[in-house]
Structure formats: structure tokens, C-alpha cells
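Asker: Quick one: sequence and predicted model below, then my questions.
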Amino acid sequence: RDQKEILQAITMSTDTGIQTYRKAKEALFVPVGIAGFAAIVAYGLYKLKSRRNTKMSIHLIHMRVAAQGFVVGAMTVGMGYSVYREFWAKPKP
């Protein structure tokens, strides 16, 4: 019984990975937004030690706003691209 449950969990994990890959292929700007968010957070953590006399809370707020702005920007560009592809890039019948 334990082996059957493990096999089901692995199968579900693989299916989820395939679905995630398919969704990322359909909406390319989602993984771009996630990668940008991760990059900004990593940069913020790297710069955390050299923030001089800036308060920690202010530094974290700036990093949060930058990361959210990048994600919203990626979503906006993705939606604009989707609208363009749907309405203007279609071949005329």
C-alpha cells in the first residue's frame, strides 16, 4: 500500500510539472514575472548588508515595491501581447 501511494504521489507531481510547463508556454510572461521577482528579492537580500544608515523596514518596503512593480509590469506587457496576438495579429479571412 505504501508503494502505491508513493507511485501516485510521483505521478501527480509529474502531471503537475507538465501542466506547469504547458501553462508557462502559453503565458510566457508569467515565468518572466516570477524570475524578475526572484531576482529583485535576491538583489535586495544581497544589498541588505550595505544599506548604510537606512532603516531595515524602509529597505524592505523599497524591495517589495520594486518586486511587485516588476511583476505587475510583466503581467501588463503579457496582457498587451495577448490582446495584440488575439485581435491585430490574426490573419484576415
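Answerer: Yep, it's here. Residues are numbered from 1 along each chain as shown.
Asker: how about low-confidence regions in this structure?
Answerer: Residue ranges of the chain with pLDDT under 70: 1-20, 91-93.
Asker: Show me what the host helix or strand of residue 41 is packed against.
Answerer: Per DSSP states H and E, residue 41 falls inside helix 29-47. In terms of contacts (3 or more Cβ pairs under 8 Å, 6 or more residues apart in numbering; DSSP states H and E), helix 29-47 is packed against helix 2-26, helix 56-83. Where C-beta positions appear, they are placed from N, C-alpha and C, glycine not excepted.
Asker: And that helix, what's buried?
Answerer: Under the neighbour-count criterion of 16 or more other Cβ atoms under 10 Å, helix 29-47 has 29-30, 32-33, 36-37, 40, 44 buried.
Asker: swap in stretch 64-81?
Answerer: 66-67, 70-71, 74, 78.
Asker: how about CSV for those, with distance to residue 55 added?
Answerer: CSV is the format used below for these (distance: Cβ to Cβ, whole Å):
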residue, distance to residue 55
66, 17
67, 19
70, 23
71, 24
74, 29
78, 35
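Asker: Taking the centroid of this protein, which residue is nearest it?
Answerer: residue 34 (1.8 Å; Cα atoms, centre = their mean).
Asker: For it, give its distance to residue 51.
Answerer: 25 Å (Cβ to Cβ, to the nearest Å).
Asker: Can you tell me how far residue 41 is from residue 83?
Answerer: Residue 41 is 29 Å from residue 83, by Cβ to Cβ.
Asker: Could you do residue 46 as well?
Answerer: Noted for residue 46: a distance of 36 Å to residue 83, by Cβ to Cβ.
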